[in-house]
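1. Pasting the sequence and the predicted model now:
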Amino acid sequence: MSGNLSLNAESLYGDLLRALQPRWQAQDRLVGITSGGAWLAERLQADLGVAEPFGVISSAMHRDDFARRGLADGGVTRLPFDIEGACLWVIDDVLYTGRTVRAVINELYDYGRPARVRLAVLVDRGGRELPIQSDCAAARLSLPADQKLRLQRNDQGQLSFSLRG
C-alpha cells in the first residue's frame with residue numbers, strides 16, 4: 001500500500017464479524033457484492049455458523065455508468081434462496097459513493113421484494129453521492145477522491161488492501 005494509510009483487512013474482518021454477531025437473526029441471509037463483498041460473505045457464513053448458502057450479487061446490469069464500463073469485472077448474480085420476504089444482509093468491502101449499492105438494490109428487486117435489506121461493509125470511506133449508509137462498518141475513514149481503496153485476497157484466502165492514486 002502507498003501513502004500513510006495502514007489498514008489491516010484481517011483485523012477489520014474480525015471487527016465486522018464481532019459487530020454482526022449480536023445483530024444476526026436466524027432468518028437473516030447473506031448476499032455479498034462481487035467480488036470483495038462475496039469473499040467477506042463466504043467467510044461470514046462459516047464464522048457466523050450460517051447453514052443457508054450465501055448469495056452473490058453483481059451491480060453490473062444496473063450501474064448508471066454501464067455504457068462506459070459494460071460487464072467488465074461485473075460477476076454474475078447467484079441467489080440460492082428466495083428473495084421474496086427475505087431479511088438480507090448485503091455485504092461489501094468498501095462503501096464510497098453509494099452507486100454500487102443503489103445498483104445492487106435494483107438487482108435484488110429484479111428477483112423479488114425482500115422484507116428488509118441491511119448493509120454491512122468493511123470500510124466506509126465517506127464521499128457519498130447518494131443517500132445510502134451502512135448499518136454496520138468495521139472502519140470509517142476519509143480518503144481523497146482520486147484514491148481507490150481495493151480489497152484483495154491471496155490464494156490462502158488472506159485479505160489485504162491496496163491503495164492506488
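-> Ah, there it is.
2. Could you report the neighbour count for the nearest residue to E42 once chain neighbours are set aside?
-> Setting aside the residues directly before and after it, E42 is nearest to F54 in space (C-beta to C-beta, 6 or more residues apart in numbering), at 6.3 Å. The way it works is simple: take the backbone N, C-alpha and C, and place the C-beta from them, glycine included. Using other C-beta atoms under 10 Å, F54 has 25 neighbouring residues.
3. Could I get the pLDDT score of F54?
-> Predicted confidence (pLDDT) at F54: the value is 98.
4. Distance check, it against T97.
-> 25 Å (C-beta to C-beta, to the nearest Å).
5. Likewise for R164?
-> Remark: distance between R164 and T97 (C-beta to C-beta) = 17 Å.
6. what does R78 give?
-> When C-beta to C-beta is the yardstick, R78 and T97 sit 25 Å from each other.
7. Tell me which helix or strand in the protein has the weakest average pLDDT.
-> Ranking every helix and strand in the chain by mean pLDDT, DSSP states H and E puts helix 66-69 at the bottom, with a mean of 55.
8. so which helix or strand takes in the residue nearest the centre of the chain?
-> Central residue check for the chain by C-alpha atoms, centre = their mean: the C-alpha nearest the mean position is that of D92, 0.9 Å away. Secondary structure assignment for D92, by DSSP states H and E: strand 87-95.
9. Alpha carbons of the next helix or strand after that strand, as CSV, please.
-> Beyond strand 87-95 in the direction of the C-terminus, DSSP H and E gives the next helix or strand as helix 99-111. Below are the C-alpha coordinates for helix 99-111, written out as CSV (Å, rounded to 0.1, in the frame of the first residue of the first chain):
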residue,chain,number,x,y,z
ARG,A,99,-23.7,4.0,-6.6
THR,A,100,-22.8,0.3,-6.4
VAL,A,101,-25.3,-0.3,-3.5
ARG,A,102,-28.0,1.5,-5.5
ALA,A,103,-27.4,-0.8,-8.4
VAL,A,104,-27.4,-3.9,-6.2
ILE,A,105,-30.7,-2.9,-4.6
ASN,A,106,-32.2,-2.6,-8.1
GLU,A,107,-30.8,-6.0,-9.0
LEU,A,108,-32.2,-7.5,-5.8
TYR,A,109,-35.7,-6.3,-6.7
ASP,A,110,-35.4,-8.0,-10.1
TYR,A,111,-35.6,-11.2,-8.0
